[in-house]
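**Q** requesting a structural model of the entry that follows:
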Amino acid sequence: MRIGIVEDEHEAADTLVRNITDYCRENHIKHEITVCFSAAEFSAYASCDFDILFMDVILPDGNGYEIVRDMRSRSINTMVIFVTSMADYAVKGYEVRAFDFIVKPINRYVFRLKFRAAAESICMNAGNTVWLNGKNFRKKLNTEQIYYVDVDSHWLTYHTADGNFRVYGALDKVKRELGGDFEFCNRCYLVNLRHVTGMAEDTVTVGGDELLISRNKKNTFVKALGKYIAAVGSG
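**A** Here you go, the predicted structure:
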């Protein structure tokens with residue numbers, strides 16, 4: 001679990017680190033904590049996807065709400081918990097889809113309740129996310145964001161709602177990781193069935209792109225798509 005803390009008060013930051021470390025050790029959760037003491041320092045990590053982000057509301061060089069609002073354009077899945085000395089400020093956090101808030105001074109019991117809820121929510125949704133490790137980036141995606149994945153000489157391109165991301169790997173392994181909502185339309189394209197918007201004799205439209213359906217994969221693909229549509233309709 002990747003956890004970020006943006007807090008200019010060193011005592012509050014130390015309290016958060018200590019409580020996070022204790023909880024994760026007791027519950028056998030592997031974790032990594034990044035602490036930033038200013039908005040400027042956090043800007044270096046703004047392109048990273050933290051699982052949980054503890055964000056101070058008032059910083060000497062920025063406003064926590066505006067920082068998170070800007071971050072949401074790149075990191076839509078980060079679970080944000082605002083940290084504030086005034087409870088009245090916390091309500092605004094829900095405008096930027098905050099998960100919760102903690103009032104300073106930080107109470108250990110209250111912290112554990114809120115952190116446990118966040119951690120359990122992440123664990124429940126873990127099967128719906130995937131990490132991409134590229135040459136110069138690390139990116140977490142919700143599988144619903146992925147339109148399709150193509151392969152060219154062992155280089156995979158993930159076509160997503162956030163743009164395209166290129167990593168080295170094997171498409172068969174990706175199929176096993178992403179699960180049943182993804183199906184091959186040919187040996188070079190793995191399609192997210194939820195994003196199929198049209199199909200012709202030999203092509204399928206996904207994310208605005210027309211992809212070729214191979215003869216060998218057509219029957220399997222059509223059956224998988226029909227089964228998916230039926231399941232969605234019955235749900």
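
**Q** which stretches of this protein have low pLDDT?
**A** 46-48, 73-77, 87-94, 123-127, 232-235 (pLDDT under 70).

**Q** for residue 43, phi and psi?
**A** Dihedral pair for residue 43: phi -60, psi -30, per degrees, to the nearest 10.

**Q** one more: residue 218?
**A** Note on residue 218: its backbone torsions stand at phi -60, psi -50 [degrees, to the nearest 10].

**Q** number of nearby residues for it?
**A** 15 (other CB atoms under 10 Å). Glycine gets a C-beta too; all of them are placed from N, C-alpha and C.

**Q** OK, contacts around it?
**A** 185, 202 (CB atoms under 8 Å, 6 or more residues apart in numbering).

**Q** redo that, cut-off 10 Å
**A** 185-186, 201-202, 204 (CB atoms under 10 Å, 6 or more residues apart in numbering).

**Q** try residue 202
**A** 185-186, 210-215, 218.

**Q** the spatially closest residue to residue 197 that is not a sequence neighbour: what secondary structure?
**A** Spatial nearest neighbour of residue 197, chain neighbours left out: residue 205 (5.0 Å); criterion: CB to CB, 6 or more residues apart in numbering. Applying DSSP: H, G, I helix; E, B strand; the rest coil to residue 205 yields a three-state assignment of strand.

**Q** who does residue 205 form a beta bridge with?
**A** For residue 205, the beta-bridge partners under DSSP bridges are residue 198, residue 210.
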